[in-house]
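Participant: no FASTA, just this:
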């Protein structure tokens with residue numbers, strides 16, 4: 001199971017950094033992704049990063065504000081979130097892809113964390 005951390009309550013315009021680790025499991029050979037789910041809404045794609053960390057892709061809603069990265073030596077993935085908006089409020093999930101290449105499709109991820117709550121106040 002993946003473990004997310006770093007969520008919390010922040011004012012609009014603020015920043016948070018989420019982390020994702022996988023105790024006992026290797027992440028370095030897989031693409032990784034971040035998804036989020038707001039109350040009453042479906043889980044949506046946020047960002048994905050390929051297995052080397054050299055390629056990333058972002059949802060239009062977070063492009064230019066969020067940055068994903070990974071440290072394969074420490075088996076950890078990060079999501080730096082800047083200029084947060086109230087509409088970013090959601091539970092954020094990290095996920096491990098089935099392969100090495102980035103993808104925005106939920107079905108292409110087979111290993112998920114429990115999620116961490118991010119709340120942005122106006």
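Facilitator: Received, thanks. In this text the structure is predicted, and so the values were computed from the model without any measurement.
Participant: Which stretches in this structure count as helices?
Facilitator: Using DSSP state H, the chain contains no helices.
Participant: hey, which strand is longest across it?
Facilitator: Longest strand in the chain by number of residues (criterion: DSSP state E): strand 90-97.
Participant: what pairs with it, and is each one parallel or antiparallel?
Facilitator: On the basis of DSSP bridges, the sheet neighbours of strand 90-97 come out as strand 32-37 (antiparallel), strand 109-112 (antiparallel), strand 116-121 (antiparallel).
Participant: Comparing those, which comes out most buried?
Facilitator: A comparison of the strands paired with strand 90-97 by mean neighbour count, using mean count of other Cβ atoms under 10 Å, puts strand 32-37 on top with a mean of 24. To be clear about C-beta, it is placed using only N, CA and C from the backbone, and glycine gets the same treatment.
Participant: Is there a neighbour count for the nearest residue to residue 79 once chain neighbours are set aside? I'd like the number.
Facilitator: Leaving out its chain neighbours, the residue that sits closest to residue 79 by Cβ to Cβ, 6 or more residues apart in numbering is residue 18, at 4.2 Å. Using other Cβ atoms under 10 Å, residue 18 has 23 neighbouring residues.
Participant: can you check residue 72 too?
Facilitator: If you count neighbours by other Cβ under 10 Å, residue 72 ends up with 14.
Participant: go on, residue 8?
Facilitator: Residue 8 has 13 nearby residues by other Cβ under 10 Å.
Participant: Could you double-check that it lies in contact with residue 16?
Facilitator: Yes: using Cβ atoms under 8 Å, residue 8 makes contact with residue 16 at a distance of 6.4 Å.
Participant: On the strand side of things, show who the spatially most central residue of the chain bridges to.
Facilitator: The chain has residue 34 as the residue nearest its centroid, 2.5 Å off, counting by Cα atoms, centre = their mean. Using DSSP bridges, the beta-bridge partners of residue 34 come out as residue 47, residue 94.
Participant: ok, now how distant is it from residue 56?
Facilitator: Note on residue 34: its distance to residue 56, by Cβ to Cβ, to the nearest Å, is 10 Å.
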